[in-house]
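**Student:** no sequence for this one, just the structure:
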Ligand code: B12
């Protein structure tokens, strides 16, 4: 028998795939009303739907306008769910600067990582998307963060990640902070190669890696 939780998660998944914002908003409200886990709804509903959209897009079964509708539908639900992610009590005043590197506008994953880190008690400075290495350096000099978190989803913009790490090294502040990278084309091997410290597979992993780096 399929339970309420599975039904709602499936509803979110289908709402993303079909790009129906009213549907995703309806199911997101159900998550809250039924007291279901917003994190599970994001992982097993919204992100699952977006992964299927990604596959369909890669196989030319759908095109950019449908991907945009899917993203819009995902954001509609995220707006409702994110405020309900439980905040940790533990006081953690570590500041993290986050941004999507230059040339890349994919920011859904970055926004989820930002929310999970915020919920874990980190103080986030979100620079946004398509951020140049100069902007990262400028922000790091201004905010003196514990870590800089770099996101990219595209292979060509992995070069921008390396340029950002290089710029942080050249600016003389590299040793004062941790650098964590993430996004589908990245790996721990790639992080090592470009001189970053850490790699996170997903938002939960980002929290785990940065927490362990605090000790
Ligand atoms: C949605 C989407 C779009 C939307 C983006 C909307 C937005 N506001 O973000 C739009 C329609 C705008 C778009 C545009 C383009 N896209 Co697009 N897009 C996607 C799609 C379908 C889903 C991405 C997504 O949001 N996934 C859901 C989120 C939750 O997952 P995520 O981003 O991976 O994030 C998780 C982890 O990666 C990780 N993570 C992410 N960041 C970080 C950072 C840190 C520090 C850590 C620790 C972890 C971490 O944690 C996240 C949460 O768990 C992917 C396909 C796919 N399978 O990924 C293609 C994809 C990324 N796009 C692609 C391409 C090519 C493009 C375009 C160039 C298309 C074009 N011809 O114009 C443009 C790019 C323009 C640009 N300059 O950036 C390619 C990239 C190929 C490559 N390897 O280089 C992909 C893979 C599709 C494909 N198979 O061809 N796209």
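**Tutor:** Cool, the structure landed. Just so it is clear, the structure is predicted and the values come from calculations on it, not from any experiment.

**Student:** max-length strand in this structure?
**Tutor:** Counting residues, the longest strand in the chain under DSSP state E turns out to be strand 123-131.

**Student:** What is the lowest-mean-pLDDT helix or strand in the chain packed up against?
**Tutor:** Ranking every helix and strand in the chain by mean pLDDT, DSSP states H and E puts helix 108-119 at the bottom, with a mean of 88. Secondary-structure packing of helix 108-119 (3 or more Cβ pairs under 8 Å, 6 or more residues apart in numbering; DSSP states H and E): helix 64-81, strand 95-101, strand 123-131, strand 147-151, helix 203-214. (Glycine included, C-beta is placed from N, CA and C.)

**Student:** Those: which one's closest to residue 107?
**Tutor:** Closest to residue 107 of those, according to Cβ to Cβ: strand 123-131, at 4.3 Å.

**Student:** Pretty sure residue 53 sits against residue 70.
**Tutor:** Yes - using Cβ atoms under 8 Å, residue 53 is in contact with residue 70, at 4.4 Å.

**Student:** Who has more neighbours out of the two?
**Tutor:** More neighbours surround residue 70 than the other of residue 53 and residue 70, with 28 against 24 (other Cβ atoms under 10 Å).

**Student:** so who does that one touch?
**Tutor:** 16-17, 19, 49-50, 53 (Cβ atoms under 8 Å, 6 or more residues apart in numbering).

**Student:** just those residues now: which is nearest residue 97?
**Tutor:** residue 50 (25.1 Å).
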